[in-house]
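A.B. asks: Here is my input, please return the structure:
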Amino acid sequence: AKVVSLSLGCYSNRENCWSQTAQDFYEDLYLKDDVLLVAAAGNGGNSYYAYPASYPSLVSVAAIDKHGNRAWFSQVNSQVEIAGP
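C.D. replies: Residues are numbered from 1 along each chain as shown. So this is what the prediction gives:
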């Protein structure tokens, strides 16, 4: 697959969720294998960085409601690149 959608994540704190091994793995898929990785930003309704969505080589997707506003449960942080219903 050239596009992989990931609906999973951890949005505790960086020490519990981030891993150099995982970051390197996703980066290799993106840079070396030309795979676009898209992941859910998270459903905690806060600004925590969810992983894997917040790794630099992934596209982090937030949620919007039927009016186009940020959904109450959606993560919001600097890694979010796009949002959809």
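A.B. asks: quick one: which helix or strand includes the residue nearest the centre of the chain?
C.D. replies: Most central in the chain under C-alpha atoms, centre = their mean is A53, positioned 1.8 Å from the mean C-alpha point. Using DSSP states H and E, A53 sits in no helix or strand.
A.B. asks: Give me the neighbour count for F25.
C.D. replies: 14 (other C-beta atoms under 10 Å). Backbone N, C-alpha and C define where each C-beta goes, glycine included.
A.B. asks: three-state assignment of it?
C.D. replies: With DSSP: H, G, I helix; E, B strand; the rest coil as the basis, F25 sits in helix.
A.B. asks: Relative to A41, how far out is it?
C.D. replies: Look at F25 and A41: by C-beta to C-beta, to the nearest Å, they are 20 Å apart.
A.B. asks: and what of A71?
C.D. replies: Distance, A71 to A41, by C-beta to C-beta: 10 Å.
A.B. asks: residue contacts, D65?
C.D. replies: Neighbouring residues of D65 by C-beta atoms under 8 Å, 6 or more residues apart in numbering: A71, W72, P85.
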